[in-house]
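1. Need coordinates for the below:
(5 chains)
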Amino acid sequence: MLINCAVYEDGRKITEIPKEEIHLHLGRPGRFVWVALRDPEPPEIEEMRVQFGLHELAVEDATHGNQRPKMEEYGDSIFAVMHTVELDGEELIVGEIDVFVGQDYVLSIRNRTKQGFATVRGRCEREPKLLQEGPGYVLYALMDTVVDRYFPVIDHLEEDLEKIEERIFQGEPARRNVEDLYALKRKLMVLRHAVAPLHETAGKLYGGRVPELVAGTQEYFRDIYDHLFRINQSIDSLRDMLTTAISVNLSLITVHESETMKRLASYAALVAVPTMIAGIYGMNFEFMPELRFRYGYPVTLTVMALADFYLLYRFKKAGWI
Amino acid sequence: MLINCAVYEDGRKITEIPKEEIHLHLGRPGRFVWVALRDPEPPEIEEMRVQFGLHELAVEDATHGNQRPKMEEYGDSIFAVMHTVELDGEELIVGEIDVFVGQDYVLSIRNRTKQGFATVRGRCEREPKLLQEGPGYVLYALMDTVVDRYFPVIDHLEEDLEKIEERIFQGEPARRNVEDLYALKRKLMVLRHAVAPLHETAGKLYGGRVPELVAGTQEYFRDIYDHLFRINQSIDSLRDMLTTAISVNLSLITVHESETMKRLASYAALVAVPTMIAGIYGMNFEFMPELRFRYGYPVTLTVMALADFYLLYRFKKAGWI
Amino acid sequence: MLINCAVYEDGRKITEIPKEEIHLHLGRPGRFVWVALRDPEPPEIEEMRVQFGLHELAVEDATHGNQRPKMEEYGDSIFAVMHTVELDGEELIVGEIDVFVGQDYVLSIRNRTKQGFATVRGRCEREPKLLQEGPGYVLYALMDTVVDRYFPVIDHLEEDLEKIEERIFQGEPARRNVEDLYALKRKLMVLRHAVAPLHETAGKLYGGRVPELVAGTQEYFRDIYDHLFRINQSIDSLRDMLTTAISVNLSLITVHESETMKRLASYAALVAVPTMIAGIYGMNFEFMPELRFRYGYPVTLTVMALADFYLLYRFKKAGWI
Amino acid sequence: MLINCAVYEDGRKITEIPKEEIHLHLGRPGRFVWVALRDPEPPEIEEMRVQFGLHELAVEDATHGNQRPKMEEYGDSIFAVMHTVELDGEELIVGEIDVFVGQDYVLSIRNRTKQGFATVRGRCEREPKLLQEGPGYVLYALMDTVVDRYFPVIDHLEEDLEKIEERIFQGEPARRNVEDLYALKRKLMVLRHAVAPLHETAGKLYGGRVPELVAGTQEYFRDIYDHLFRINQSIDSLRDMLTTAISVNLSLITVHESETMKRLASYAALVAVPTMIAGIYGMNFEFMPELRFRYGYPVTLTVMALADFYLLYRFKKAGWI
Amino acid sequence: MLINCAVYEDGRKITEIPKEEIHLHLGRPGRFVWVALRDPEPPEIEEMRVQFGLHELAVEDATHGNQRPKMEEYGDSIFAVMHTVELDGEELIVGEIDVFVGQDYVLSIRNRTKQGFATVRGRCEREPKLLQEGPGYVLYALMDTVVDRYFPVIDHLEEDLEKIEERIFQGEPARRNVEDLYALKRKLMVLRHAVAPLHETAGKLYGGRVPELVAGTQEYFRDIYDHLFRINQSIDSLRDMLTTAISVNLSLITVHESETMKRLASYAALVAVPTMIAGIYGMNFEFMPELRFRYGYPVTLTVMALADFYLLYRFKKAGWI
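-> You can find the predicted model right below:
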């Protein structure tokens, strides 16, 4: 679905055009066309391929989707794939943004994303001075937005871990903790699959040799690189803490098991000792003087109770109950 | 066994030839011979060595099989080894494709594979423009097909893991889960042995210095490289999740053990308390007034039952039963 | 909040100036302005941007804070971000120092730190010969101070680990040990996030190509690099020992569980055996000669006691009690 | 002990000579002397040092043995150390081959190896064309043989693992499995210490800059490199599987423990329930009508039996017994 | 404390001098001064700084001690820090050797080491030919000695592990094994902190660009590098085996727990079954024919005994007792 198709000159939007007229605006210095598609059908992409003269392999990738985040140069144009990661309740949704960038055009295609990129266009149009840098700056703005949207996700995962930690140390149901730790690990892997290759990619857009299209905006890409570095580091820490949390949780389960065993054994003792005493006075010897005492029975009951109180006291003191 | 032996010129098949005539078609610009063998005997390979003038070490490797995936240059010819991985029910079968590529020939040898590569030939012949690139493009087409066939395998392994995860969290038989996790790990290692070296190899076929034979098809090999990167990443994730799954499973086994212990202890208490009470009224004291009460017995039975109901209520509330 | 604003020439402070006059002192060889801010509001930073002509992206980073430790060159000026880590009781507090360094100025901004950097200024002023090196030396002095303040933190964490180890091996409450090990891991990650990127950064300030501003003080930065290397190594060791401590702790918990089980079983036996004997003499057979013996009862009690003493002796010997 | 000392010219053995005459045959183009020693005494090595003018440090290494596998260039001669790994029943025996190679000599010294290298000499002499390459080819042939002998060892270790896996999953004695896994790990480390440095070494003998002595046989060394790569990969997989096997084994031990606990508890219940019932009818109430029933006793026994049958049925169904 | 101060020329000691005269012997080709200090006070180091003109930062490092092993070039002089590791009973003691090397001097300072380096001086003086290489050779000799003294330490740790392994597999007290494994890990980390950075350092002293001072003795430093490589490899193996040993130990503890549980359950059964039988004959039914049988009692006792013998037989057979 076509969302937008506009012509920019010297950093300002000059007009919106129907997509059939795109080729009329190409090849003019200082002018570029910016087209945005959303979940397009193959024919729509094919149309763009013809208008912009895109490379077949790149078009194939964009049509099939499911590429890993990457940036490829075809001659002096760039084809970039980024993954968006969005929160949907407790689930993570992975979408894909494919961006084709040339001297005189930007074509962005978003697939399976909830949030759009209208804000990016707005932001670019508010800063004509930067937009003068041309399509390379648009690529930066799109990438920056994708990366900025990772931050709430990583925050969410960190909060998740904190909640689980709290439950672990408060001794709440171990089974649920284990399940949640595993689910968190899964989400972390999803995020990592989006971030790690993009980080690697961003590293190619500043310093050393960079594609000509982004030469003037290197410092901006370094900024993105730094953000991705920070996200990556957070992911690594989360993974590390998670592994530790799983083994710590196992330790606490075992501790808990051990404590339960002691408590159970204590209660068992409270029953077993009176049973033994009762057993003794249940013996049928003819000559058992206690049996004839007037107060033998109440005394015995008292002895049982005292024995239990004593045990109870000892168990409490040892922290078993 | 010879499967096919044909001559191509300017991207089109011109004729099928008997293998004895191969040398007649070599050394003519724009023309190349494409031979396919299947599980060949050593003499068949020897014959090819003579016809194409293959390097001895490469031939030795192809004859003995069991090489790791690799790509070697001998002068201006290429010798490539790839592993196929096919699903056979729950088992993985590893086959081997050896490809010799020169300026004017492609020789592919497949060993122990179920699926053939006739589709590759068909695909190439339908795209004469690309086939004009010569033997390098055939190498790409073969490699692409081998790599494409890894995807269903990795999908299968991912589904395997999901099934096991489900069973783990539904508390199904722990023993089987452990066995299945181990078996999955084994399969993963098999796939990884095929993919990892091929990935490394593909990285040498684009960018930087590449063998002349594939110089015109670099962008295609970069595409393969990307696919292998994605597969590799999936394998790494699977390994990571698997390790986590094993330790999570151990945690759940321990949790389960702990829960079972509590349930058992609860039932034991339900038996032990009446036994203790019965023991008390089994004592032989002469003066035990309750024993003479008309309703002593039913009252005692009631007390026993009430004690058990109370315990049952407590255990239920504590989630032990 | 402005802390200090002074002009230096040839390594000596010549005067304190109001911040509005900063630009009057720039651009004079041998002279530089050193400004220190603390938890500044955005307008204060903006003012500095104007006075010194700082790069927008760097200013944005300093305004938002929360950057990873890094060093960036903008033309021939440097923007450095460092994290301070301070102990507050048992907690670690992470602050941030942003330093802008140019040919004729140093601007340091500290956020969320308890300790100030007045000592750095004092130290620099006491060594005019070194301060003659200019702003690069001030950057070194700040960095050196930040790094020196990591040492007490790492010492504190090492002591923490030692205390936990002691408790682990003395068999003190396992639950608390587990919690403390986890908390220590958390702190270690915090410290590592501050140290690791700074270490990487410091490596760029000596040997090979270094920014011109620090060219004359390379050997000093190598010294910082070495300190960070040592801290990093200590962090790695701590992580390694911690992982080992967690698994060792789990082993000891299991050992303890096993020992407890033996002790409980021993006590159970001491109760069960007399109960069995009592049961036997509680049988109602008509012909049980022992029941009629004058001393049957005391003898039986003695047998019970002897059996228990024997068991007690055996259990003690086996180390179960 | 001197095993062999022969002169070769143009790829053919021309004569065997006493070791005192070695120097007479040196320095003649196309001719080289090949000497083989076995577990030599220091004086024998010293003699060789004098004859061939070997470097002191290399000789010292060869005399003391116990070097890590390596390859060192001394001027235009090469000193190579390789470790042999041989199976002796269930044990691995590590031997050492030191090879000195110069323009006109090869000196090989084997220490603590069972198998000799006579076959290498035979193989070389059967291929005069290759032997014409000179001492570099002999180095290849020795190295190839050492490497080929790793394969049966790695196969043996893989079989070992498979046997242990089988026992683990068939539930055979856990203790023995643990011991065998540990022993396998030990052996793996031994093999790895021989292979890993040799792999690294072989990588220096092809591609890029290589010592002149082996320049003509690079493709052969690449072949060795590939073999070592494959062995290394197998070792890594084995290590990985072993670690997994150990944790899987622990999981199964815990599962087994849990199952045993259930079985024990089941049997305990079968005893406890009749005991409780018996306890009830052992009470001494005067008014317990059942006690007077003619068939009270058999009915009670029947009830006990039925209760046990019911429990047995439930336990069987739950898979506890 | 000054240990020694001597002048060497052309590889031979010519005289011992008081430290005040050092500067008189500097700057003469072929001559150098070799000074050794032990646990010096700051003034002593300061005195050396003046005599030799040492770099301030290096002197500061030497004065404060506690540096990581490293090698730094200051102009054409070298400052090297090495750690000694000595066995003191079961403890490891870490000392430090700081070496300043220039064209015409060697200053070695040892701190907190038990063993001295007089043997190094002796060895150097016995090999005047090598000592002619000058201060670089002295540095080698010192380093070689430090490294050689690591070997007995690593041997000691390997023996430690073997002893623990033996105890683990013989089922000796698990608690002590755990403690010893942890202690071994600690020692390993200590040794690693000394070895790893020195290894890295030694790698800079041969091949590629090396400081001029050691240019003539590169092959000797390569030898040291190899030794450190071997030690490093041993440390890595030990770490790996240790981790395996800890998890294997945990497995065996769990196995042991499981075995103990079975044994306990067996004994419990031996008591529970007679108790149940006794309970049955303790019931008060009026019509229990067995109670009236003349031999009811002995028969019942016999039945109890037989039941126990049968159980005992079964348990023995199952290996539970």
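
2. now the helices for the stretch 201-321 of chain A?
-> Along the stretch 201-321 of chain A, the segments classed as helices by DSSP state H, counting those that start in this stretch run A:218-281, A:289-292, A:296-318.

3. would CSV of those with mean pLDDT, distance to chain E and mean neighbour count be doable?
-> To be clear about C-beta, it is placed using only N, CA and C from the backbone, and glycine gets the same treatment. As requested, the helices of the stretch 201-321 of chain A are exported to CSV (pLDDT from 0 to 100; distance: least, CB to the nearest CB, whole Å; neighbours: other CB atoms under 10 Å in any protein chain shown):
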stretch, mean pLDDT, distance to chain E, mean neighbour count
helix A:218-281, 90, 9, 20
helix A:289-292, 84, 16, 15
helix A:296-318, 92, 18, 14
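
4. As JSON lines, those with distance to chain C would be great.
-> Formatted as JSON lines, these follow (distance: least, CB to the nearest CB, whole Å):
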{"stretch": "helix A:218-281", "distance to chain C": "3"}
{"stretch": "helix A:289-292", "distance to chain C": "8"}
{"stretch": "helix A:296-318", "distance to chain C": "10"}
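
5. Now the residue in the stretch 51-200 of chain A positioned nearest to chain D: which helix or strand?
-> Chain D sits closest to A:Val178 of the stretch 51-200 of chain A, with a gap of 13.7 Å, by CB to the nearest CB. A:Val178 is part of helix A:174-202 when elements are defined by DSSP states H and E.

6. Show me what that helix is packed up against.
-> Here helix A:174-202 touches strand A:70-74, strand A:77-88, strand A:91-102, helix A:135-148, helix A:150-169, helix A:218-281, helix B:150-169, helix B:218-281, going by 3 or more CB pairs under 8 Å, 6 or more residues apart in numbering or on different chains; DSSP states H and E.

7. now that helix: how far from the chain's centre is it?
-> Remark: helix A:174-202 is offset 5 Å from the chain centroid, using CA atoms, centre = their mean, to the nearest Å.

8. Tell me how far A:Ile246 lies from A:Val7.
-> 55 Å (CB to CB, to the nearest Å).

9. swap that for A:Gln170, sorry
-> Using CB to CB, A:Gln170 is found at 60 Å from A:Val7.

10. In terms of neighbours, single out the busier of those two.
-> Each of A:Gln170 and A:Val7 has its neighbours counted (other CB atoms under 10 Å in any protein chain shown); A:Val7 has more, 22 against 7.

11. Which strand residues bridge the more buried one?
-> Beta bridges link A:Val7 to A:Thr15, A:Val33, judged by DSSP bridges.

12. Quick check, pLDDT for it.
-> Here the pLDDT value assigned to A:Val7 is 93.

13. you'd agree it is up against A:Lys13?
-> Yes. With contact defined as CB atoms under 8 Å, A:Val7 counts as touching A:Lys13 (7.2 Å).

14. measure A:Glu44 to chain B for me?
-> 22 Å (CB to the nearest CB, to the nearest Å).

15. show me the contacts for that residue.
-> A:1-2, A:37 (CB atoms under 8 Å, 6 or more residues apart in numbering or on different chains).

16. which one of those sits closest to chain D?
-> Nearest to chain D among the contacts of A:Glu44: A:Leu37, at 44.5 Å, using CB to the nearest CB.

17. that older thread, mind checking which of the contacts of A:Glu44 are buried?
-> The neighbour count (16 or more other CB atoms under 10 Å in any protein chain shown) marks A:Leu37 as buried among these.

18. can you tell me which residues contact the spatially closest residue to the residue of the stretch 51-200 of chain A closest to chain D that is not a sequence neighbour?
-> Using CB to CB, 6 or more residues apart in numbering or on different chains and skipping residues adjacent in sequence, the residue nearest A:Val178 is B:Ser251, 4.8 Å away. Residues in contact with B:Ser251 (CB under 8 Å, 6+ apart) are A:174, A:178, A:246, A:249-250, A:253.

19. Quick check on A:Met48: phi, psi?
-> In terms of degrees, to the nearest 10, the main-chain angles of A:Met48 are phi -60, psi -40.

20. just checking, it touches A:Leu37?
-> Yes. At 7.4 Å, A:Met48 counts as touching A:Leu37 under the criterion of CB under 8 Å.

21. where does A:Glu34 land on pLDDT?
-> No, residue A:34 isn't Glu; it's Trp. What the model reports for A:Trp34 is a pLDDT of 94.

22. Look through chain A and state the residue closest to chain D.
-> Relative to chain D, the nearest point of chain A is A:Gly282 (6.9 Å; CB to the nearest CB).

23. That residue: neighbouring residues, count only.
-> Neighbourhood size, A:Gly282 [other CB under 10 Å]: 27.

24. and the stretch 151-300 of chain A, which residues reach chain D?
-> Neighbours of chain D within the stretch 151-300 of chain A, by CB under 8 Å from any CB of the partner chain: A:Gly282.

25. from the stretch 151-300 of chain A, which residue is nearest to chain B?
-> Across the stretch 151-300 of chain A, no residue is closer to chain B than A:Ala278, which sits at 3.4 Å (CB to the nearest CB).

26. OK, contacts around the nearest residue in space to that residue that is not next to it in sequence?
-> The shortest distance from A:Ala278 to any non-neighbouring residue, by CB to CB, 6+ apart, is to B:Gly279 (3.4 Å). Contact analysis of B:Gly279 by CB under 8 Å, 6+ apart lists A:274-275, A:278-279, A:282, D:279, D:282.

27. Now do A:Ile97, the pLDDT please.
-> At A:Ile97, pLDDT is 94.

28. brain fart, A:Pro135
-> We have a pLDDT of 92 for A:Pro135.

29. what does A:Phe285 give?
-> In this model, A:Phe285 is scored at 86, pLDDT.

30. try A:Leu130
-> In this model, A:Leu130 is scored at 85, pLDDT.

31. doesn't A:Cys124 make contact with it?
-> Yes. Taking CB under 8 Å as the definition, A:Leu130 is a contact partner of A:Cys124 at 7.5 Å.

32. Please enumerate the shared neighbours of these two.
-> Residues touching both A:Leu130 and A:Cys124 (CB under 8 Å, 6+ apart) are A:Tyr137.

33. So for the two, which residue has more residues nearby?
-> Neighbours were counted for A:Leu130 and for A:Cys124 using other CB under 10 Å; A:Cys124 has more, 21 against 17.

34. part of a strand, is the more buried one?
-> No. Using DSSP: H, G, I helix; E, B strand; the rest coil, the assignment for A:Cys124 is helix, not a strand.

35. How about the contacts made by the spatially closest residue to it that is not a sequence neighbour?
-> Distances taken as CB to CB, 6+ apart put A:Leu131 closest to A:Cys124, at 4.9 Å, once the chain neighbours are dropped. A:Leu131 makes contact with A:8, A:11-12, A:124-125, A:137-138 under the criterion CB under 8 Å, 6+ apart.

36. For the residue in the stretch 201-321 of chain A positioned nearest to chain E, grab phi and psi.
-> Taking CB to the nearest CB as the measure, the stretch 201-321 of chain A has A:Gly282 as its residue closest to chain E, at 6.9 Å. The phi and psi values for A:Gly282, taken as degrees, to the nearest 10, are phi -90, psi 0.

37. got a list of what it touches?
-> Applying CB under 8 Å, 6+ apart, we find A:Gly282 in contact with B:279, B:282-284, C:278, C:282, D:282, E:282.
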